[in-house]
Structure formats: C-alpha cells, structure tokens
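Asker: The following block contains a protein sequence and its predicted model.
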Amino acid sequence: MRGKEGIFERAIRGIQRAKGCPGIKVMINSVFSKLNLGAVEGLVHLADELGVPIYLCPIETGIGRAGFAESKEGLGASPQELEEFARTVMGLKRRGFRINNSLTYLRTFIGGKKPFRCHTQKVAVSIDANGDVKNCIAREPFGNVSRTPLREILESERVRQARRQSESCHACNNPDVIDCSYVWELRPESVWSFARVFLD
C-alpha cells in the first residue's frame, strides 16, 4: 500500500477515529529500513502530534523460514545505520517522546549488534490464518489447530526442542522479540518499558 494516493491520509483518519473508541489502545508501529532512513524523527513527531505512542522496528532480513533473506535483504539497514537509528531514537526517548522501544533494546545496536538469548518462543506462538502453528526458525508447521488442540501441539517434543534451539538464535532485530527476551531475563528497564505499553 506504500505510495498509493490517499493511503497516508486515510491511515491518519483511522488513527484519529480509533482514538475515539473506548477501550482501544492505539499506537503506531513503523518498520525502519533503507527506504525511510531519514524519516525516524518525523515519524516520532507525527505520533506525538496524534497523541499516540510509537514502536520502531528495523526490518527483518536474517530469518530464513519466510524467505526474508532473499526478498528483503537489500532493504535492511547496515550495522552503522542501525546504530545511528538507535542513537536517534534514544535521544528522542530521553526528550520525553512516547516511544515504546526500551533503551535496553536500543543499546543492543550500539557498537555493533550484540547477541542476545531468545526466549520469545517460551511465551509466544504464531498461528496462521489457516490454523498452522509455526515459529520463526522451523520451516514446517508444528501442527494445525483445526485438527489438533493447541495445548497438544505446544506440549509436543518438536515444539519443546524448537524452544531450546531458539535460545541460541539472535538473528532478529525486532523489538518485540529482543525486548520480550530481556523481560524474560527480568532486565528492569525492559520490564518497565513493556509494562508501559499496557499502562500508558
């Protein structure tokens, strides 16, 4: 939809209308890539003008299951660009802008990306529209909820093994994955930042 006439204006109207609905939390989730290297500060200011928080997520290129490495590799920011992104966002966050990325997450990219231990598979699962249960490193689905109860799938040896294997993976740049892993390790600033998503 990017670049289609009128889409941006419709998205803004949608945010404004959703804000008027009781019980709905609204935030902007923006992907950061080579296509919008210079737009981060503008996006943060836009979110501020709209009165909503923002989450900034570097595009994923290192995950094999979905073929991202083949289809999106040219869009991924370089380590230097990721560091500049992180420093920019940290500065904006310290100025009081409502940015949901934790400082702990952003520091991951300072001086080259630091490895982390992934714990996300212990607390989250991906279910496709057709019912397939997947994770980011397994090419084949673990099962399908239309044929097998979810609990049975999650208790299977394949899923348990995938959880163990995922601890050695640190391919993601995604704040959901990295901050979730830091929350699992009870890193205080990540825990507080994560809680604010629901409390703010």
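Answerer: Done, it's in. None of these values were measured; they are calculated from a predicted model.
Asker: Just give the nearest non-adjacent residue to residue 12, would you?
Answerer: In space, and not counting its chain neighbours, residue 12 is closest to residue 50: 7.2 Å by C-beta to C-beta, 6 or more residues apart in numbering. Bear in mind the C-beta positions are built from the backbone N, C-alpha and C, glycine included.
Asker: Give me the outermost residue of this protein relative to its centroid.
Answerer: Note on the chain: the largest C-alpha distance from the chain mean falls to residue 147, namely 29.5 Å (C-alpha atoms, centre = their mean).
Asker: Now the residue nearest to residue 28 when sequence neighbours are not counted. Its backbone dihedrals?
Answerer: Of all residues not flanking residue 28 in the chain, residue 54 sits nearest, at 4.4 Å (C-beta to C-beta, 6+ apart). The main-chain torsion angles of residue 54 are listed as degrees, to the nearest 10 and equal phi -130, psi 150.
Asker: Look at residue 54 and report its pLDDT.
Answerer: Looking at residue 54, its pLDDT reads 96.
Asker: That one pairs with what?
Answerer: Residue 54 has the following beta-bridge partners by DSSP bridges: residue 28, residue 99.
Asker: Who are the contact partners of it?
Answerer: Under the criterion of C-beta atoms under 8 Å, 6 or more residues apart in numbering, the contact list for residue 54 reads 27, 28, 29, 30, 43, 44, 47, 97, 98, 99, 100.
Asker: re earlier: what's the residue farthest from the centre of the chain in contact with, if anything?
Answerer: Taking C-beta under 8 Å, 6+ apart as the contact definition, residue 147 lies against residue 131.
Asker: This completes my enquiry, with thanks.
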